[in-house]
Structures are given as structure tokens and as C-alpha cells.
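Peer 1: Below is the sequence, then the predicted model.
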Amino acid sequence: MLLLLSGEGPSDLGCCAMPIGQCDGDAFDAGPMAVLVDQIVQEVLCYSVLRDVPASLRYVSKQFLGEAIGEQRQNKRMVALTGKKRAEETGYFMKMAWVFGTLAQQIEAVEGDCAVAVFFRDSDGTRSIPDGAWAEKWVSIEQGFVRARFERGVPMLPKPTSEAWLLCAAKAAPYQNCMALEDLPGNQESERHPKKELKRAFGKEKSSQELREWLEERPFDPDRAMEMGSYRVFRECLVAALESVRRGEQ
């Protein structure tokens, strides 16, 4: 199996060690969300991509996908995705997932192997994200994968940010009442932004590497975190994609 990741930067899934748009696992600096993904892979497939087969991992940057969209602006089908009935940001999510899904198919063809593609974006904004707005973004990512005809595309859309998921495990009473964390404000100026709450929980601001190491030492407890709706649907989607790979290998 190939594991394809696309995120926003070092603090979530990670980044290429060199300033390039694509890299494999040997040239990839994993972030905390990549560790979280890998722990689910271990649960379903019984091995770690990051530790055991890093060469089967591919990372694609947000910038690379954006540039690919720019190159296709003359494609009327691509341009038509954003219109009066679709918010510009939501349409952009769809376009990015479409390009990512298309790239995943190309990589599968070259490598002769099946892939699972995880598309990460924070859903933060200027205030708490309404359920409807979050759902629109999730659906737009799904629709992008559908347009690419790629069946194992997985949206990873924490509400409001990935720090809320980490905070669920890091707070004084781990995994207790985590549903409320999804209502924290997405505005980074707010004193209750998840990143600031996470800093308070640890007593300091941890780097991406420190957060990754912390998760490696204390694996995320998926069952206790499932009350967070944005985590639950991501996990269920990823598990379904991985199980389809496992069935195909049997």
C-alpha cells in the first residue's frame, strides 16, 4: 500500500525536508497528524508506514496542488467548480482534492500499487465554525475525490484546528468532555484558540517535533476521542479506506 499525504505544513502532517513540492518518506519530516494517521494504519494493517516502510509514503504540499490548479485554469470543467452557489474557499477545497486524487491515480499506475490519500486542512476561521460550514468543507473535499474517480480519498478536517484533537489527550482530564473542544474559537487572536489552550496544557509551546514525539510515546486513544465529531468521521473514513486495501490484498 502507498500512503499519500497532503497538508498545510510542519505543525499538522509535516513537510518535505527540502523546499520541494513532493517527497517520499525518506525525505519527509513527519508532523503530529502524520503520527496519528500512522497509528490508525498500524491498528488496521498491523504495520507502521513511518517506521517500517517509509519509501511507500508520498507527501504533496499545499503549494504544489495550488500550482497544479493554476496550470489548469484554462480547463473549463475545473473553473466551473466555483460559482455563485459555492463559497470560494469551499470550491478551492474541492479543486485541491480533485487534483490530489488525480495525482494519486497517477502514482498508483506508476508504482503498480494501491494508495490511500489523506487530505488535511484545518477548518478554522475568524470565529467558532458552525456545523453547517464544517460539513460543507468536508463534502467539498469528498466531491473532489469523487470527480477524480479516486475511491480511497480521506478528508482530515479537524474542527476548528488539529490542536483541538491533541488537546483532547493533553488536557488535565484526558479524553473527558472533548466534544466542547470543537467549539473553541478559530480566531488565532482569541485567548481560547486551541493552539493557546494546548500551550497552557503542556506549560509551554511544543514544537512540531516535540508533539510528534509526545504522540509516539503516548498513542492517541481513538475510542475515547470519538465524541469529537470531526475526529470520528475522519477515523471512520480512514479505517474504511484501509480495510478496502486489506480486502484487496487477501
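Peer 2: Nice, I can see it.

Peer 1: Can you tell me which helices and strands the helix or strand hosting A240 packs against?
Peer 2: According to DSSP states H and E, A240 maps onto helix 229-249. The elements that helix 229-249 packs onto, with contact taken as 3 or more CB pairs under 8 Å, 6 or more residues apart in numbering; DSSP states H and E, are helix 32-45, strand 115-120, helix 131-147, strand 153-156, helix 162-170, helix 222-225. For the C-beta atoms, the positions are set from N, CA and C on the backbone; glycine is no exception.

Peer 1: Could you list the buried residues of that helix?
Peer 2: Neighbour counts using 16 or more other CB atoms under 10 Å place S230, Y231, V233, F234, R235, C237, L238, V239, A241, L242, V245 of helix 229-249 among the buried residues.

Peer 1: Could you work out which of the helices and strands packed on helix 229-249 reaches nearest to E108?
Peer 2: strand 115-120 (5.1 Å; CB to CB).

Peer 1: What strands line up against that closest one, and which way round?
Peer 2: Note on strand 115-120: by DSSP bridges, its sheet partners are strand 2-6 (parallel), strand 153-156 (parallel).

Peer 1: Reformat the ones you listed as CSV; add distance to C178, mean neighbour count and mean pLDDT.
Peer 2: Converted to CSV, the strands paired with strand 115-120 look like this (distance: least, CB to CB, whole Å; neighbours: other CB atoms under 10 Å; pLDDT from 0 to 100):
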stretch, distance to C178, mean neighbour count, mean pLDDT
strand 2-6, 24, 25, 98
strand 153-156, 17, 25, 98
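
Peer 1: Counting by contacts, list what the host helix or strand of G91 packs against.
Peer 2: Element membership of G91 [criterion: DSSP H and E] is helix 88-111. Using 3+ CB pairs under 8 Å, 6+ apart as the contact criterion, the secondary-structure elements in contact with helix 88-111 are strand 2-6, strand 57-60, helix 62-71, strand 115-120, helix 131-147, strand 153-156.

Peer 1: Quick one: end-to-end length of stretch 146-166, please.
Peer 2: Terminal residues of stretch 146-166 lie 30 Å apart, using CA to CA, to the nearest Å.

Peer 1: quick one: low-confidence ranges for this structure?
Peer 2: Under the criterion pLDDT under 70, the flagged ranges of the chain are 72-89, 125-131, 250.

Peer 1: in it, which residue is closest to the centre?
Peer 2: Nearest to the geometric centre of the chain sits F120, at 2.5 Å (CA atoms, centre = their mean).

Peer 1: Verify the contact between that residue and M33 for me.
Peer 2: Yes: checked against CB atoms under 8 Å, the pair F120 and M33 is within contact range at 6.0 Å.

Peer 1: Cool, thanks, talk later.
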